[in-house]
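Student: Test case, fold it:
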Amino acid sequence: MNKLLDLAKKRKSIRNYKEDDNIELEKILYALRVALEAPSGRNCQPWQFLIIRDKETKKIIRSICEAAEKEFHMKINNEFKEWLKKRGITWRKTFLTEAPYLILVYSNKECPYSIQSTWIAIGYLILALEEQGLASLTYTPSKTIEINKALNIPKKYRLETIIPIGYPAKEKEKEPRMKPSEKIFIDEWGKPLKQ
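Tutor: Next up is the predicted model:
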């Protein structure tokens, strides 16, 4: 009855994957076909998906990302640093080489509402991956120009996220969610929906 809500409640961001797990590419292609059904501004469908399974390419991506993340982590404020530390999140991005697959999701900058439309497709994608029993993470690199150069991506495309896909190396609790009454208002700002 509430299949989509059940999937959303179950889905969590995974940062540690079992290496070289045997995952059927068809499961990933199914999830991508779901993502292609997302709505978009002017029906431009501005998204492009690049599947990476080659180990050497994943090493290049990880090296570029970690160099940028080191720089990023030196600049962040104390409150954010504490939040990251509490969750064990560092500049090291092992998931970029551990996960059997990466999907790099691009938006076409020439299309209207390309960022918003592409992120709707990403939402479809991660729920479809969950439906297929696959773990994922929406990792947004702090710098993307070097990745695009290394992969020969045309300039009109913006890297929105890198999604590692696989099976989790260990179980993880889902981050707590806020109550609907804290996030849903009706008729006026601040007036919670009562159920």
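Student: just how off-centre is the lengthiest helix in the chain within its chain?
Tutor: Once the chain is assigned using DSSP state H, the helix that runs over the most residues is helix 55-75. Taking the mean of its C-alpha atoms, helix 55-75 sits 16 Å from the chain's own mean (CA atoms, centre = their mean, to the nearest Å).
Student: List the buried residues of it.
Tutor: Across helix 55-75, burial judged by 16 or more other CB atoms under 10 Å covers Lys58, Ile60, Ile61, Arg62, Ile64, Cys65, Glu66, Ala68, Glu69, His73. (Glycine included, C-beta is placed from N, CA and C.)
Student: what's next to stretch 43-51, contact-wise?
Tutor: 25, 28, 32, 35-36, 38, 40, 101-108, 110-114, 117-118, 121, 151, 153, 157 (CB atoms under 8 Å, 6 or more residues apart in numbering).
Student: What's the mean pLDDT across stretch 2-17?
Tutor: Taken as a whole, stretch 2-17 has an average pLDDT of 93.
Student: heads up, I number from 26, so please use that
Tutor: Okay, residue one is now 26; in that scheme the one you just asked about reads as stretch 27-42.
Student: Over to that stretch now: how far is its first residue from its last?
Tutor: End-to-end distance for stretch 27-42, by CA to CA, to the nearest Å: 28 Å.
Student: now the helices: where do they sit in this protein?
Tutor: Going by DSSP H, the chain shows helices at 28-35, 50-60, 80-100, 103-111, 120-123, 139-156, 170-175, 205-208.
Student: Mind putting these into a markdown table with distance to Lys197?
Tutor: Formatted as a markdown table, the helices of the chain follow (distance: least, CB to CB, whole Å):
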| stretch | distance to Lys197 |
| --- | --- |
| helix 28-35 | 12 |
| helix 50-60 | 20 |
| helix 80-100 | 21 |
| helix 103-111 | 14 |
| helix 120-123 | 12 |
| helix 139-156 | 13 |
| helix 170-175 | 26 |
| helix 205-208 | 23 |
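Student: Which one of these lies nearest to Glu196?
Tutor: Proximity to Glu196 (CB to CB) singles out helix 28-35 among these, at 12.1 Å.
Student: got the phi/psi numbers for the residue nearest in space to the middle of the chain?
Tutor: In the chain, the centroid-proximal residue (CA atoms, centre = their mean) is Thr163; its distance is 1.6 Å. Here is the backbone geometry of Thr163 (degrees, to the nearest 10): phi -100, psi 100.
Student: And for the closest residue to it other than its chain neighbours, the neighbour number?
Tutor: Ranked by CB to CB, 6 or more residues apart in numbering and with sequence neighbours excluded, the top spatial neighbour of Thr163 is Thr186, at 4.7 Å. Residues lying near Thr186 (other CB atoms under 10 Å) number 20.
Student: hang on, Thr186 packs against Tyr164?
Tutor: Yes - with contacts counted by CB atoms under 8 Å, Thr186 reaches Tyr164, the gap being 6.3 Å.
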